[in-house]
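Peer 1: Show me the folded form of this:
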Amino acid sequence: WYQRRVRVPAPGVLPEPPISTKVLSASEMLQSIDSNRAAPPPGMEEAIKTNMARVAEKQEIEAATSKKEDKLAGVSKDLIARIRAKEARTIAKKLVRDPEKDKELGMLSRCEMLVRCLRVLYISSGKGCMPLPTITQDIADNPRVGMTIPSVEEHIRLLAKIAPDWLSIAEIRKGRYLKLNRNVDTNRVVGAIRDRQNLLQN
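Peer 2: Numbering: from 1, shown residues only. The predicted model follows:
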């Protein structure tokens, strides 16, 4: 019989088994980066930390919601509906604000400081009535106040409206004058300012 010659293949390198990959969490990936001491791609570490913060915030919200639902367990559905409707009205009221009220609230927040400035000016001068332009200029020049002359005058007019027995504006031929009654306790004036703030906020 004719004997065939069979070519024997040359020995070669066997293929490596596929590398198994494990899905890492954000915290495990950060630990891996720290342990290998290799510089992560630009923005990668910051993105991972941001994602972790979002996950933590979501878990806190879910936990708070769960606790709230536990507290409401056993409460009638009608009462729960009224509570939620009231919360919705409160949120809607905060979202829809009157710009004029917001402006006045901002001015009222600075009026207490203005009361102190006026008190010091009138006590140091020893007078009960002074020209309004002089007062507005002196207060505007105070670096702690940080207000313009027109803004100071606007705040003074608001104070005269809130506490007319303490502060009043008189216009005569010589010009406009600001009269301050030093017999009135400034604590009463501050109380009137805060009452007005509470009225606008409710």
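
Peer 1: Name the helix or strand for E171, please.
Peer 2: strand 167-172 (DSSP states H and E).

Peer 1: Give the partner strands of that strand in its sheet and their orientations.
Peer 2: According to DSSP bridges, strand 167-172 forms sheet pairs with strand 175-180 (antiparallel).

Peer 1: For the strand it pairs with, buried residues please.
Peer 2: With burial defined by 16 or more other C-beta atoms under 10 Å, the residues of strand 175-180 counted as buried are 177-180. The way it works is simple: take the backbone N, C-alpha and C, and place the C-beta from them, glycine included.

Peer 1: same thing with stretch 135-149?
Peer 2: Those would be 135-136, 138-140, 145, 147, for stretch 135-149 by 16+ other C-beta under 10 Å.

Peer 1: got the contact list for it?
Peer 2: With contact meaning C-beta atoms under 8 Å, 6 or more residues apart in numbering, stretch 135-149 is reached by 110, 113-114, 117-118, 121, 151-153, 155-156, 178.

Peer 1: Equivalent analysis for stretch 107-118, please.
Peer 2: Where contact means C-beta under 8 Å, 6+ apart, the residues beyond stretch 107-118 that reach it are 135, 139, 142, 144-145, 147, 152, 154-156, 158-159, 162, 167, 180, 186, 189-190, 193, 196-197, 200.

Peer 1: now do 10 Å
Peer 2: Stretch 107-118 is contacted by residues 104, 130, 135, 138-139, 142, 144-147, 151-152, 154-159, 162-163, 166-167, 178, 180, 186-187, 189-190, 192-194, 196-197, 200-201 when judged by C-beta atoms under 10 Å, 6 or more residues apart in numbering.
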